[in-house]
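Asks: Build me a model from this:
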Amino acid sequence: MQEEQPNQRRLKLFQEHKNICTSALELMVKKNHDYAYGDDPFANFKRGEMFGICSTEAGIILRVLDKISRLGTFIKAGSLKTNNESYEDAVIDVINYMVLLSAYIKEKEENV
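Replies: The predicted model follows:
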């Protein structure tokens, strides 16, 4: 009987992973429509580089750090003051930024 509980917990975890990743992809599609220009899905992130502020990769990481800070506040305080974004939203954003970083680096390496 003890073996069934961990298996159920794993199944629940894997289902949560699937749900979060599905939500992340749906959000990425929407946000990419709003932030990308033309056929460049990374256009918004390249602005820092265009203005000589930081590399595109560093710009993506900076946005991740913003979300990590938000999650840290949530963990410390137990809630967030903003009504328009939950901790789940921040988690999904981190996932999407990591996918964007990976895809950007791969595209950059392919074009070398």
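Asks: what about the protein, any weak spots by pLDDT?
Replies: Across the chain, residues meeting the criterion (pLDDT under 70) sit at 1-6.
Asks: If we use 90, what do you get?
Replies: Applying pLDDT under 90 to the chain picks out residues 1-6, 9, 33-39, 79-86, 112.
Asks: Could you pick out the longest helix of it?
Replies: Longest among the helix segments of the chain by residue count, using DSSP state H, is helix 4-35.
Asks: OK, contacts around residue 80?
Replies: Taking Cβ atoms under 8 Å, 6 or more residues apart in numbering, we find residue 80 in contact with 70, 73-74, 86-87. The way it works is simple: take the backbone N, C-alpha and C, and place the C-beta from them, glycine included.
Asks: what's the most distant pair in the residues you listed?
Replies: Checking those against each other with Cβ to Cβ, the farthest-apart pair comes out as 73 and 86, at 12.2 Å.
Asks: which one of the contacts of residue 80 is nearest residue 41?
Replies: Once Cβ to Cβ is applied, the member of the contacts of residue 80 that ends up nearest residue 41 is residue 70, at 23.6 Å.
Asks: can I assume that closest one sits in a helix?
Replies: Yes. With DSSP: H, G, I helix; E, B strand; the rest coil as the criterion, residue 70 is assigned to a helix.
Asks: is it true that it touches residue 84?
Replies: No. In this structure residue 70 lies outside contact range of residue 84 using Cβ atoms under 8 Å: 11.9 Å.
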